[in-house]
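Student: sequence first, predicted coordinates after that:
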Amino acid sequence: MDYDVLVVGGGPTGMMLAAELRLAGVRPLVVERLEEPYAFSKALGIHARSIELLELRGIHDRFLDGAPLLSGGHFASLPVGLDYQALETRHPYGLYQKQVDTERLLTARAEELGTEIRRGHELTALAQDEDGVTATITGPDGEYRVRAGYVVGCDGGRSRTRKLAGIPFPGQEPGLAVLMADAEFSGELPKGEGMGPLRPYGVIRRDLRAWFSAVPLFEPGIYRAMVFRYDHVWPDRGLPVTETEMREAITELVGHDCGLTGIQWLTRLTDVSRQAERYREGRVLLAGDAAHVHFPSGGPGLNMGLQDAMNLGWKLAAAVNGWGTAELLDTYHTERHPVGQTVLRNTRTQCALFDPDPRLDAVRETFTDLLRIDQVNRHFTGLGSALDVRYDLPGEHPLTGARMPDLDVLTPDGVQRLSGYFHDGLGVLAGAAAERWKDRVTAVEGEFEGPAMLVRPDGYVCWAGDPDADEAGLDLALRTWFGAPL
């Protein structure tokens, strides 16, 4: 094999996955068709669960450094926002972080660990057999072939990898068209009455089933401006947006262009939503937007990609390193596909609520009332932040399948957080011993409140309880998630 894993796509998902593979001693090659990183950012935030995952690897401070913290979010821009500070986490906030900066930091992490990255190289064909995958790559110097044990498509919604693997991508056709610009405004912006706490400027045109909003970004004087139109035909998604088109779209809704100037970026998007039927086809797997696309309300896309990579990385490394079973690798699909379904349902719901059709006023008012109920607000906040993701794992203890509580551990060297034991990318066993799995599981020696726990490298509990009373259950969990013992 030339490489253990070929990662197609060098965005945040691909770089997160490559870093996870290198941490486990696997040799990945990342190929990215763009010669330079994309200069603009559709995604602007990192959710609480993603920050927790970065903390498991000891790199979250790089992302927190100088980045503004967000105390709340929105659900379909309804008047009642989501309260991040009510979340049960050490990171009860969202992080304002541009996608370009997230990608830069993750690329640096992958390079630190020794990842080979080839920019300006594009996957054009692949063929798999029982032993591996042969990929045809086109680069600046022509076409060549790479032999790898596995290929992971992290190459976006129009994934070439997914198409070459023959994986269907069914979903919902668009009913919403959006123009978006990061720009300045020299004129007066209309007050965004009824548009929610995070959209202070804008106007709703119920007669046109359309609205305009301008949200101030953290760069002085820069706004993210968006024009929403329902059942409206605009040019093909792939065509560039012109300044004239954006100016005319704002003028139609507001009556003037609000002094649109200093345009940094223009793009168009729709509410098309699709999900791959399966995330694995033999030795080809999908992660991030290659596996699921949806409207970016609340910013789940980038975060879900990072979480896909965290779930897949250690399992794929286990397969490469010889102790991971086919059944273990299959759990990537069985665990992450339902998460994708939930996110698509969430974003589709928000797109329905965005529609200013007067016939939907009662629905929006009902949802607004519901969000005032603490438990309901907590539900949608947990859903949007991914803190409530729970996998259907075998075991009776309430913690099994849930994300690990980041407990304080009293050790001879002082108090340490449980999250600090995951920096090497191994599993962690707190409150018990597993000597025969010491190459794959770190034992925590110290005192803490709560039951003994076996935690996977991605931070999810796969066994909890009393190791003396449930010795067989612990042994089974170790074999299931960490292979046969030494």
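Tutor: Received, thanks. Numbers count the residues shown, from 1 in each chain.

Student: what segments of the stretch 101-250 of the chain are strands?
Tutor: Remark: strands assigned in the stretch 101-250 of the chain by DSSP state E, counting those that start in this stretch are 116-119, 122-128, 133-139, 142-153, 171-172, 176-185, 201-205, 210-216, 223-230.

Student: please tabulate those strands in a markdown table and include distance to D330 and mean neighbour count as additional columns.
Tutor: All C-beta atoms are positioned from the backbone trio N, CA, C, and that covers glycine. A markdown table is the format used below for those (distance: least, CB to CB, whole Å; neighbours: other CB atoms under 10 Å):
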| stretch | distance to D330 | mean neighbour count |
| --- | --- | --- |
| strand 116-119 | 28 | 16 |
| strand 122-128 | 16 | 17 |
| strand 133-139 | 18 | 18 |
| strand 142-153 | 13 | 20 |
| strand 171-172 | 23 | 15 |
| strand 176-185 | 35 | 20 |
| strand 201-205 | 46 | 20 |
| strand 210-216 | 41 | 22 |
| strand 223-230 | 40 | 22 |
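
Student: so which of these is nearest Q264?
Tutor: Nearest to Q264, of all the strands of the stretch 101-250 of the chain, is strand 176-185, at 4.4 Å by CB to CB.

Student: walk me through which strands that closest one pairs with, and which way each runs.
Tutor: Note on strand 176-185: by DSSP bridges, its sheet partners are strand 223-230 (antiparallel), strand 260-270 (antiparallel).

Student: just the mean pLDDT for the first one, thanks.
Tutor: Pointing back at strand 223-230 there. Averaged over strand 223-230, pLDDT sits at 95.

Student: which residues touch that strand?
Tutor: With CB atoms under 8 Å, 6 or more residues apart in numbering as the test, strand 223-230 has contacts from 44, 175-185, 189, 201, 208-217, 246, 249-250, 253, 260, 354-357.

Student: ditto for stretch 101-116
Tutor: With CB under 8 Å, 6+ apart as the contact definition, stretch 101-116 has outside contacts at 3, 10-12, 15-16, 18-19, 21-23, 28-30, 37-38, 41, 43, 46, 59, 62-63, 117, 302.

Student: ok, now stretch 407-421?
Tutor: 52, 55-56, 58, 90, 404-406, 428, 430, 442, 444-450, 455, 459.

Student: now the buried members of these.
Tutor: Neighbour-count burial (16 or more other CB atoms under 10 Å) applied to the contacts of stretch 407-421 gives 52, 55-56, 404-406, 428, 430, 442, 444, 446, 448, 455, 459.

Student: can you put those in JSON lines and add secondary structure?
Tutor: Output for these, formatted as JSON lines (DSSP: H, G, I helix; E, B strand; the rest coil):
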{"residue": "E52", "secondary structure": "helix"}
{"residue": "E55", "secondary structure": "helix"}
{"residue": "L56", "secondary structure": "helix"}
{"residue": "M404", "secondary structure": "coil"}
{"residue": "P405", "secondary structure": "coil"}
{"residue": "D406", "secondary structure": "coil"}
{"residue": "V428", "secondary structure": "strand"}
{"residue": "A430", "secondary structure": "strand"}
{"residue": "T442", "secondary structure": "strand"}
{"residue": "V444", "secondary structure": "strand"}
{"residue": "G446", "secondary structure": "coil"}
{"residue": "F448", "secondary structure": "coil"}
{"residue": "V455", "secondary structure": "strand"}
{"residue": "G459", "secondary structure": "coil"}
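
Student: many thanks, I have nothing further to ask.
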